[in-house]
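Q: Structure, please.
(2 chains)
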Amino acid sequence: GAGVSQTPSNKVTEKGKYVELRCDPISGHTALYWYRQSLGQGPEFLIYFQGTGAADDSGLPNDRFFAVRPEGSVSTLKIQRTERGDSAVYLCASSSRQSTDTQYFGPGTRLTVL
Amino acid sequence: AQSVTQLGSHVSVSEGALVLLRCNYSSSVPPYLFWYVQYPNQGLQLLLKYTTGATLVKGINGFEAEFKKSETSFHLTKPSAHMSDAAEYFCAVSDRGAQKLVFGQGTRLTINP
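A: Predicted structure coming up:
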């Protein structure tokens, strides 16, 4: 079956602009996660959704970052007033209710802020 | 807060040799433990996980890892390296009942012919 998909695969923007990154989880998966992976680092947790609600947003670095999952499926990560330090690969993952400990990752969106 | 330390950002072995990638974690209680592999321009793929039960866990592609509570370690091994094993490997932990993963810095594995 289809895995986690993320669009766009690459996004180049200018400092100060607004960007949206989209994640389509595996069909039927109730949990969805966002991580950020900077060059040469391991992924860092940003936010986790169970259904439509954010169960844990402790990893969001500041109030420029916001994520939604209005219908409990697709999620959008929104970044306002982008900064060069936001450049990274943004990873999305999902897990099922039956196997909550196994997260399946998408290929990521590479964000470059010029 | 939990943390993960992967010893060695780069490991190089010859084809056919033993692969050993080290992972140590800090946690007040035994966490869930994971190894993920990341091939170039691809997403993270789960190799294996330990949640409960047998401490020696077997995963895909011939990899295995052993949870050692006394050493707070979860090292990844493979008896004989293949060229196709060249990739970045990440160790991760999560609290039991919590969902977020805490990752190590990663170890880049290179296989020499």
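Q: chain center to stretch B:9-28, what's the gap?
A: The chain centroid and the centroid of stretch B:9-28 are separated by 7 Å under Cα atoms, centre = their mean, to the nearest Å.
Q: same check, this time on stretch B:36-52
A: With Cα atoms, centre = their mean, you get 8 Å for stretch B:36-52.
Q: Now do the phi/psi pair for residue 42.
A: As the question left the chain open, I've gone with chain A. phi -80, psi 160 (degrees, to the nearest 10).
Q: right idea, wrong chain: chain B
A: phi -130, psi 170.
Q: Just confirm it contacts residue A:107, I think it does.
A: Yes: between residue B:42 and residue A:107 a contact is recorded at 6.2 Å, counting by Cβ atoms under 8 Å. (Each C-beta comes from the backbone N, C-alpha and C, glycine too.)
Q: Looking only at neighbour counts, state which of these two leads.
A: Neighbours of residue B:42 and residue A:107, each counted by other Cβ atoms under 10 Å in any protein chain shown, are more numerous for residue A:107; the result is 17 against 12.
Q: got the contact list for the more buried one?
A: A:5-6, A:9, B:41-43 (Cβ atoms under 8 Å, 6 or more residues apart in numbering or on different chains).
Q: Just the buried ones from these, in ChimeraX syntax?
A: To isolate the buried subset of these in ChimeraX, counting by 16 or more other Cβ atoms under 10 Å in any protein chain shown, use the following:
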select /A:5,6 /B:43
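Q: Quick check: closest non-adjacent residue to the residue in chain A positioned nearest to chain B.
A: Closest residue of chain A to chain B, Cβ to the nearest Cβ: residue A:42 (3.3 Å). Here the nearest residue to residue A:42 in space, its sequence neighbours aside, is residue B:103; by Cβ to Cβ, 6 or more residues apart in numbering or on different chains that works out to 3.3 Å.
Q: ditto for residue B:40
A: Nearest one to residue B:40, counting by Cβ to Cβ, 6+ apart, is residue B:87 at 7.7 Å.
Q: where's the one you found relative to residue A:64, distance?
A: 33 Å (Cβ to Cβ, to the nearest Å).
Q: Low-confidence bits of the chain, can you list those?
A: Reading this off chain A. Residue ranges of chain A with pLDDT under 70: A:1.
Q: my bad, the chain I had in mind was chain B
A: Chain B contains residues with pLDDT under 70 at B:97-98.
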